[in-house]
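Have a look at this prediction, sequence included:
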Amino acid sequence: MNEFDYVRENAKRINFEIENAKAKYRSADDKIELMAVTKTVPPEAVNVAVESGITLLGENRVQEYLSKRDFYDKSARVDFIGHLQSNKVKYIIDTIGMIHSVDSVKLAEEINRLSKIRNKITDICIEVNIGREESKSGVMPEELDEIFYKLSEMPNIRVLGLMSIPPKECAEKFFSKMQELFIDIKSKNIDNNSVSVLSMGMSSDFPVAIKYGSNVVRIGTALFGSRK
């Protein structure tokens, strides 16, 4: 009996809820990915989640990621979803799958610069501060087009989509606005991009996010329990 067996049960329940939301709101062939958010979670518990079929992990903090990454099951991809300072990009650029939280041209330029040195293209999402909250990162909705075009000109990054953490109050309204932005950005068909990712929805609201087009839901508490 593993002390983290509860993670298996939680993963099963969350996947069931994702399938229910998909059956209710989406097409049967839509792919919705469950990301396990690993902030403060020990690698042993994370690896139980991977054994349960979750192959995408989300890291919030550079230092914590560096201390844990060698202990993770190598079959899982690790994306970065937390606020990222330009001077920390160098620590994660080689091992992170995608950076979901690009919130400025300056940060994108540094990702592009380091990717060029490594002869690689780094996938990113642009984080949108859809609720205009001072406590959260992200570009303002009206700035999105301009930033999207600027990032599209950088040869060593590829904009794959949008990420957001809407306010808990009136989340549905903000999910709807994010869906509109996503559809608009996707319709632009700009070179160097393949906009396909809408990363939104967390433990308390992911079924509603799925209703409004999310295809990556970021689950921490519902999977691993409350943070200690």
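Received, thanks. Numbering: from 1, shown residues only.

Give me the distance from the worst-scoring helix or strand of the chain on mean pLDDT to the chain's centre.
Within the chain, confidence by mean pLDDT, DSSP states H and E is lowest for strand 193-199 among all helices and strands, at a mean of 89. Between the centre of strand 193-199 and the centre of its host chain there is 11 Å, according to Cα atoms, centre = their mean, to the nearest Å.

Put the alpha carbons of the helix or strand that it is followed by into CSV.
Per DSSP states H and E, the first helix or strand lying C-terminal to strand 193-199 is helix 206-211. Output in CSV follows, covering the C-alpha atoms of helix 206-211 (Å, rounded to 0.1, in the frame of the first residue of the first chain):
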residue,chain,number,x,y,z
PHE,A,206,-12.2,23.1,-14.8
PRO,A,207,-15.5,21.7,-16.0
VAL,A,208,-16.6,25.3,-16.8
ALA,A,209,-13.3,26.0,-18.5
ILE,A,210,-13.9,22.9,-20.7
LYS,A,211,-17.3,24.4,-21.7
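
Pull the residues that contact helix 206-211.
14, 17-18, 20-22, 24-26, 32, 171-172, 175, 200-202, 214, 217, 219 (Cβ atoms under 8 Å, 6 or more residues apart in numbering). Bear in mind the C-beta positions are built from the backbone N, C-alpha and C, glycine included.

Just the mean pLDDT for it, thanks.
Averaging pLDDT along helix 206-211 gives 96.

What segments of the chain are helices?
5-25, 43-51, 62-68, 89-92, 105-117, 144-152, 171-187, 206-211, 221-224 (DSSP state H).

one step back: any chance of a ChimeraX selection covering the buried ones in the contacts of helix 206-211?
Command for ChimeraX that selects the buried part of these, burial taken from 16 or more other Cβ atoms under 10 Å:
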select :14,17,18,21,22,26,32,171,175,200,201,202,214,217,219
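
Pipe the helices of the chain into CSV and attach distance to G161 per row.
As requested, those are exported to CSV (distance: least, Cβ to Cβ, whole Å):
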stretch, distance to G161
helix 5-25, 18
helix 43-51, 23
helix 62-68, 21
helix 89-92, 19
helix 105-117, 14
helix 144-152, 11
helix 171-187, 7
helix 206-211, 13
helix 221-224, 22
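
Of those, which is nearest S196?
helix 171-187 (7.7 Å; Cβ to Cβ).

what's across from M98 in the sheet?
Counting by DSSP bridges, M98 is bridged to D123.

What is the neighbour count of it?
M98 has 23 neighbouring residues, counting by other Cβ atoms under 10 Å.

dump the residue contacts of it.
79-80, 122-125, 160, 197.

Check G220 too.
Here G220 is in contact with 36-39, 41, 58, 202-203, 227 (Cβ under 8 Å, 6+ apart).

I'm done for today, thanks for sticking with me.
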